[in-house]
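A.B. asks: My questions are about this predicted structure, shown below with the sequence.
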Amino acid sequence: MKVLFTLFFSLLIFSNTQAQILKELEHSTPEERAVTFSNEITQALMLTDQQNKLILEINLMHAHKIVPIIHSKSNKLSKLKKIKSLDKFRDKELDSVLTDGQFVLYLKHKKEFIKNTRIKLKSVAIK
C-alpha cells in the first residue's frame, strides 16, 4: 500500500510539473524564451559574436515552432513529446555552431538547467 501511495504521489507531482511547464510556455512569448535560453548559453560558454547571433536565431526559430504545439488540443504528454523532438533537432543545429568542447559544456549546462527548472516547478506545484 505504501508503494502504491508513493507511486501515485510521484505521478501526481510529475503531472503537475508537466502542467506547470506548459503553463510557463503558454505565458511567455517565443522571443522571451529564445532570449532567455540564448542568454543562459552565452553565460555558460565563451561564445564569439557570430556564435551568439546564430544561437539566438536557432533558439528563436525553435521557440516559434513550438507555439502551435503549446496551443494545440493535444494532451500534455503528447505536447511534451513533440517539444522534446524539436529540442533534439535544435541540439543538432547548435552542435553545428559550437565547438566540440562548447557543445559538451552546453549539454551539461542544459541538463542542469532542466533539473533546476523541474525542482523549481515542483516546489511551486506543491505550494
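C.D. replies: Now that the structure is in, tell me what you want to look at.

A.B. asks: going forward, measure contacts and count neighbours with C-alpha atoms only.
C.D. replies: OK.

A.B. asks: average pLDDT across the helix or strand hosting residue 53?
C.D. replies: Taking DSSP states H and E as the criterion, the element that holds residue 53 is helix 49-65. For helix 49-65, mean pLDDT is 93.

A.B. asks: Same check on stretch 80-89?
C.D. replies: Here the average pLDDT along stretch 80-89 is 89.

A.B. asks: how about low-confidence regions in the protein?
C.D. replies: Within the chain, the ranges that satisfy pLDDT under 70 run 1-27, 121, 124-127.

A.B. asks: counting residues per helix, which one in it is longest?
C.D. replies: helix 100-126 (DSSP state H).

A.B. asks: circling back: which parts of the helix holding residue 53 are buried?
C.D. replies: Judged by neighbour count (16 or more other C-alpha atoms under 10 Å), helix 49-65 contains these buried residues: 51-52, 54-56, 58-60, 62-63.

A.B. asks: Turn these into a markdown table, including distance to residue 92.
C.D. replies: Supplementary listing: the buried residues of helix 49-65 in a markdown table, determined by distance: C-alpha to C-alpha, whole Å:
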| residue | distance to residue 92 |
| --- | --- |
| 51 | 15 |
| 52 | 16 |
| 54 | 13 |
| 55 | 12 |
| 56 | 15 |
| 58 | 10 |
| 59 | 12 |
| 60 | 15 |
| 62 | 12 |
| 63 | 15 |
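
A.B. asks: ok, back up a step: distance from the longest helix of the chain to the middle of the chain?
C.D. replies: 8 Å (C-alpha atoms, centre = their mean, to the nearest Å).
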